[in-house]
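> Build the 3D model from these lines:
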Amino acid sequence: MDSNHLSIMNIAYSTSADGVGLRNSLYLAGCPLRCPGCHNQQAWDINNGSLYSVEEVCDKLNIDKFNISILGGEPLMQYDAVVNLCRMIKDRYPNKTIWMWSGYTYTYIQEHYPNILQYIDVLVDGPFIQSKADPTLQWRGSSNQNVIYIK
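Model prediction:
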């Protein structure tokens, strides 16, 4: 994948499941982590998604006033394009918030994927761990995951 295209599984509009308030959620294809018990295994293969330009995805996500959520798969598998998308959203719609879910920890992201942190407002970090699964948790699947307010 290049920095100008994204492989996406789905866009869910006006959902309240992926962060505070109504949001438009981008589900990306591709995940190298493949956590046991993952509820989104069809997103593991990047080839299961449909290819769109970053510009097209930005337009599709911003058809209304709702904020943005980015999930996977693993969004950082398409790191350069995700950074470009988030930069584009913040440049064009500076009042919108961006939430992102990653199976990587915040510390790992700081070290290996630091540029994304300047564009996202909230990070839900950490792999899904089936033995720590808890359906009562808000916005996360297992108790090892954290909701981190970046901005």
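
> okay, CA-based contacts and neighbour counts for the rest of this
Will do.

> Name the residues of the longest helix seen in the chain that are buried.
With secondary structure taken from DSSP state H, the chain has its longest helix at helix 79-92. Across helix 79-92, burial judged by 16 or more other C-alpha atoms under 10 Å covers 79-90.

> which one of those residues is nearest F128?
Proximity of the buried residues of helix 79-92 to F128 (C-alpha to C-alpha) peaks at Y79, which lies at 19.8 Å.

> okay, the closest one: pLDDT?
pLDDT, Y79: 98.

> With the one 5 residues further on instead?
N84 is assigned a predicted lDDT (pLDDT) of 98.

> Touching, it and L6? I think so.
No. Applying C-alpha atoms under 8 Å as the test, N84 and L6 come out as separate, 10.3 Å apart.

> any shared contact partners between these two?
Each of V54 lies in contact with both N84 and L6 under the rule C-alpha atoms under 8 Å, 6 or more residues apart in numbering.

> for stretch 36-45, the distance to its chain's centre please.
Computed by C-alpha atoms, centre = their mean, to the nearest Å, the separation of stretch 36-45 from the middle of its chain amounts to 14 Å.

> how far does that stretch stretch from start to finish?
Its start and end residues considered, stretch 36-45 measures 15 Å (C-alpha to C-alpha, to the nearest Å).
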